[in-house]
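Chemist: what follows is a predicted protein model with its sequence.
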Amino acid sequence: MANYTQYSDKELVALVNSRDHLAFTEIYDRYWRKLLMIAWNHTQENSHAKDLVHEVFMSLWEKSDPAEIQNVGAYLATAMRLSLFQHFQKEQRRTGLAKENYIFSELSDDDEKLDALFLKEYINGIVEEMPEKCKLVFRYSRDHGLKNAEIAEKMNISEKGVEATLTRALKILRFKLKNYSIIVFIIAVIK
């Protein structure tokens with residue numbers, strides 16, 4: 001019997017892709033506490049947090065593709081952020097329906113700030129999974145506000161190389177966000 005604790009995350013994901021239950025259990029054992037802490041910190045409810053962790057691991061089981069998953073921890077954290085975002089979107093829709101049927105006070109700006117925070121976290125997770133060069137160029141451009149010429153000098157590449165890499169990073173973001181029907185928010189976050 002194989003000792004799955006000795007396997008790397010990448011090896012475990014490959015085994016999960018071939019429906020190895022023990023490999024899946026090992027990944028679960030490695031990451032469930034971290035995911036539960038993330039979920040609980042945002043929901044402050046045990047049952048919701050546990051449900052979200054369960055959903056994330058079910059999505060790993062159902063969608064695992066070793067070619068897509070470069071870093072299991074980052075993949076799971078991103079999936080958790082997305083689940084949290086979707087959870088709060090559902091809650092917001094429920095609140096909206098309740099407002100239509102009953103008289104409630106206006107939603108505060110805090111709800112919009114929370115949505116923006118979750119979207120930013122989700123985008124950060126996508127950026128973390130990008131190839132190293134894309135990630136660096138994107139961070140220099142968007143997080144540090146550097147111009148293409150400054151990035152080119154800092155990374156010792158041409159300005160055209162910076163433009164191409166930044167275009168690639170944005171394409172990755174758009175593709176990932178489009179899959180989850182939140183592409184409309186990207187303009188506000190990346191500008």
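Modeler: Yep, it's here. Numbering: from 1, shown residues only.
Chemist: give me the domain ranges for the chain.
Modeler: 1-129, 130-191 (automatic domain parsing).
Chemist: biggest helix in the chain, by residue count?
Modeler: For the chain, the helix with the greatest residue count under DSSP state H is helix 72-101.
Chemist: on that earlier part again, format the domains of the chain as CSV; extra columns: mean neighbour count and mean pLDDT.
Modeler: All C-beta atoms are positioned from the backbone trio N, CA, C, and that covers glycine. Shown next, in CSV, are these (neighbours: other Cβ atoms under 10 Å; pLDDT from 0 to 100):
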stretch, mean neighbour count, mean pLDDT
domain 1-129, 16, 79
domain 130-191, 15, 78
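Chemist: is it correct that I27 is in contact with L12?
Modeler: Yes - counting by Cβ atoms under 8 Å, L12 is a contact partner of I27 at 5.2 Å.
Chemist: quickly list what's touching both of the two.
Modeler: V72 (Cβ atoms under 8 Å, 6 or more residues apart in numbering).
Chemist: now the most centrally placed residue in the chain: how far from K176?
Modeler: Centrality entry for the chain: nearest residue to the mean C-alpha point is T78, 2.4 Å, by Cα atoms, centre = their mean. Remark: distance between T78 and K176 (Cβ to Cβ, to the nearest Å) = 9 Å.
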